[in-house]
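Student: My questions concern the predicted model and sequence given below.
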Amino acid sequence: MWMSQAVEIANAVRRGETSAVEVIDSHLQRIAELNPKINAVTQILADSARHSAEDIDRRRAVGEKLGPLAGVPFTVKENIDIAGVATTHGVPKFKDNIAVQDAPPVARLRSADAIPIGHANMPDMTIGGYTTSQLYGETVNPWGTIRNPSGTSGGDGAAVAGGLAALGLGNDSGGSVRGPALACGITALNPTYGRIPSEHRIGGNDPMLASQLLPKDGPLARSVADLRTAFEVLAGTDPRDPRSVPVPLNGPVLPSPLRVAVVTDPAGMGVHPEVRQDVEQAADILERAGYAVEQVSDVPPMAEAITAYLTMVSSEFSLTWPRLRALLTEKSAQHMELTMGSQPPPTLEQYLEATATRHAVVRDWAQFLEQYPLLVGPVTTDPTTDPPAGMELDAEQNAAMAVSVRLCSVTSFAGLPAVAVPTGTRRGVPAGVQIIGRPYREDLCLSAAAAIEAEVGVLTPVG
């Protein structure tokens, strides 16, 4: 069953064609075989997963109605709480930080009868684009053609691509589910701000403004159908997250054909030729599927948006860095030290100006998306900027990494939804794009992604 997609598993369990215990045992066997090679799953929850599966089978036997994800195993990023399990953030400081209750998205997946099968690896305290942590070491991409599964939800990406779990639960504040989806040949959703409730307190401390606005929990899956089902389960409100809003899953029907903007080189800062081809391929597929596709020279102004994004993030890191740095190694601190070291800490005036700029960015994107309800563009404009394991970064390389994911950063800053979807492979390396939509129109993003998948196919599991 480990090769099956989440919806297929749930349907089989509900019909009694397989048991939830058989599903979990199949995935645990797959973990035992592949995880020693790719190191994606950190804390394996074999006993609790089997117990949950037994309960699902008991309920089915007495005629109870099961949820839409009945028996589906999922992984959970190391910074999201699973009740009774340590939320380690990848560092020794929190190795005994046992969660009292499930985070809202974990609780929602459980309520749909999905089963957490383990935590998944991430960089120390989610810092950096390479998935390696002090507690658990390096995660390797199951494709084998590239080593880096990207980050920071790289453990979930590798687990889903490798068949260790049917779904992953990660978070994204500038590409952290979209990057692993691209690198691992799967699909992922970065939802609209407020769409999926979350709990991002660390040690009982509430997040500051940038950490409220930017990180959003979202699912990773092997197929768009699985991603849509997970999204429908995860969306909604929760009193633990005052940002969460009650918005319908599907918005009103828009005039047909739906207009789609296509940008290959956001802000004209350069794009790898193969990435350009990937975006153009996705545009061609959507045109054949009946969308009104239009090449656009650019998107709303990005330079000020990126500066404001970095200002808000670095302001908060500057305040907390002495405490945070003590938790990190030289290697894991490298990315933030290079980022913050490139300029002096922002002043209060600069920080306040950045909050005003964000308001303008949200407005600019709303106006752009009023004309084009969807935008297709790259996840990264240059995959070669991803660092190999153990690489010593310098300021130039660090800046190149930031530039390459600029469309992820700016759309996160604007709070917009985006779906990453594969477009195939190049020399055995996964390729893909992201589809960005109007706020709370994940349904449009998912439908467009499904049109691309219908022609390209599902690429995983692998390894």
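Tutor: That came through fine.
Student: make it CA atoms for all contacts and neighbour counts henceforth
Tutor: Will do.
Student: Ile31 is in contact with Leu164, isn't it?
Tutor: Yes: at 5.3 Å, Ile31 counts as touching Leu164 under the criterion of CA atoms under 8 Å.
Student: out of the two, which sits in the busier spot?
Tutor: Neighbours were counted for Ile31 and for Leu164 using other CA atoms under 10 Å; Leu164 has more, 32 against 24.
Student: Just the CA atoms of the helix or strand encompassing Ala454, as CSV, please.
Tutor: The secondary structure element spanning Ala454 is helix 442-456 (assigned by DSSP states H and E). Output for helix 442-456, consisting of C-alpha atoms alone and laid out as CSV, is shown next (Å, rounded to 0.1, in the frame of the first residue of the first chain):
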residue,chain,number,x,y,z
GLU,A,442,-6.7,27.8,-3.6
ASP,A,443,-9.4,26.0,-5.6
LEU,A,444,-8.3,27.8,-8.8
CYS,A,445,-4.7,27.0,-8.1
LEU,A,446,-5.4,23.4,-7.5
SER,A,447,-7.6,23.1,-10.7
ALA,A,448,-4.8,24.5,-12.8
ALA,A,449,-2.2,22.3,-11.2
ALA,A,450,-4.5,19.3,-11.9
ALA,A,451,-4.6,20.2,-15.6
ILE,A,452,-0.8,20.2,-15.7
GLU,A,453,-0.6,16.9,-13.8
ALA,A,454,-3.2,15.3,-16.2
GLU,A,455,-0.7,15.8,-19.0
VAL,A,456,2.6,15.2,-17.1
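Student: For it, enumerate the helices and strands it packs against.
Tutor: Judged by 3 or more CA pairs under 8 Å, 6 or more residues apart in numbering; DSSP states H and E, helix 442-456 is in contact with helix 224-234, helix 273-288, strand 418-426, strand 429-437.
Student: Pull out the buried residues from it.
Tutor: 442-453, 456 (16 or more other CA atoms under 10 Å).
Student: need those in a markdown table with pLDDT and distance to Asn79, can you?
Tutor: Formatted as a markdown table, those follow (pLDDT from 0 to 100; distance: CA to CA, whole Å):
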| residue | pLDDT | distance to Asn79 |
| --- | --- | --- |
| Glu442 | 98 | 24 |
| Asp443 | 98 | 27 |
| Leu444 | 98 | 29 |
| Cys445 | 99 | 26 |
| Leu446 | 99 | 26 |
| Ser447 | 98 | 30 |
| Ala448 | 99 | 30 |
| Ala449 | 99 | 28 |
| Ala450 | 98 | 29 |
| Ala451 | 98 | 33 |
| Ile452 | 98 | 31 |
| Glu453 | 98 | 30 |
| Val456 | 98 | 33 |
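Student: can you tell me which of those residues lies nearest to Leu407?
Tutor: Distances from Leu407 to the buried residues of helix 442-456, taken as CA to CA, are shortest for Cys445 (15.7 Å).
Student: quick revisit: want to try JSON lines for the helices and strands packed on helix 442-456, with mean pLDDT and distance to Thr355 as columns?
Tutor: Formatted as JSON lines, the helices and strands packed on helix 442-456 follow (pLDDT from 0 to 100; distance: least, CA to CA, whole Å):
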{"stretch": "helix 224-234", "mean pLDDT": "98", "distance to Thr355": "29"}
{"stretch": "helix 273-288", "mean pLDDT": "98", "distance to Thr355": "32"}
{"stretch": "strand 418-426", "mean pLDDT": "98", "distance to Thr355": "22"}
{"stretch": "strand 429-437", "mean pLDDT": "98", "distance to Thr355": "22"}
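Student: how about these in a markdown table, adding mean neighbour count?
Tutor: As requested, the helices and strands packed on helix 442-456 are arranged in a markdown table below (neighbours: other CA atoms under 10 Å):
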| stretch | mean neighbour count |
| --- | --- |
| helix 224-234 | 22 |
| helix 273-288 | 19 |
| strand 418-426 | 25 |
| strand 429-437 | 27 |
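Student: Ala230 and Pro219 touch, don't they?
Tutor: Yes: applying CA under 8 Å as the test, Ala230 and Pro219 come out as touching, 6.7 Å apart.
Student: Can you pull the poorly scored residue ranges out of the stretch 351-463 of the chain?
Tutor: With pLDDT under 70 as the threshold, the stretch 351-463 of the chain has low-confidence stretches at 387-392.
Student: His359 in helix, strand or coil?
Tutor: Under DSSP: H, G, I helix; E, B strand; the rest coil, His359 falls in the helix class.
Student: if I look at it, how far off is Thr384?
Tutor: According to CA to CA, to the nearest Å, His359 stands 33 Å off from Thr384.
Student: tell me the contacts of the residue of the chain most remote from its centre?
Tutor: If you look at how far each residue of the chain sits from its centre, by CA atoms, centre = their mean, the farthest one is Val62, at 37.1 Å. The neighbours of Val62, taking CA atoms under 8 Å, 6 or more residues apart in numbering as the test, come to nothing; the list is empty.
Student: next one: phi and psi at it?
Tutor: Listed backbone geometry of Val62 is phi -100, psi 10, with angles given as degrees, to the nearest 10.
Student: Next one, pLDDT for it please.
Tutor: Reported pLDDT at Val62 in the predicted model: 98.
Student: start at 52 instead
Tutor: Yep, numbering from 52; the last one is Val113 now.
Student: Report the central residue of the protein.
Tutor: The structure's the chain has its C-alpha centroid closest to Val228; by CA atoms, centre = their mean the separation is 1.9 Å.
Student: mind giving me the domain ranges of the chain?
Tutor: The chain breaks down into these domains under automatic domain parsing: 57-285, 310-507.
Student: Start and end of the longest one, how far apart?
Tutor: End-to-end distance of domain 57-285: 15 Å, with CA to CA as the criterion.
Student: Please enumerate the strands of the stretch 152-301 of the chain.
Tutor: 166-171, 183-184, 188-189, 218-223, 238-241, 267-272 (DSSP state E, counting those that start in this stretch).
Student: among those, which is nearest Leu426?
Tutor: Leu426 lies closest, by CA to CA, to one member of those: strand 238-241, at 14.3 Å.
Student: returning to what we had before: please identify the most buried of the domains of the chain.
Tutor: Mean neighbour counts were compared across the domains of the chain using mean count of other CA atoms under 10 Å; the top stretch is domain 57-285, at a mean of 23.
Student: what's the offset of that one from the middle of its chain?
Tutor: Its chain's average C-alpha position is 10 Å from that of domain 57-285, according to CA atoms, centre = their mean, to the nearest Å.
Student: sorry, back to before: and Gly302, which of the domains of the chain is closest to it?
Tutor: Counting by CA to CA, Gly302 lies closest to domain 310-507 out of these; the figure is 6.3 Å.
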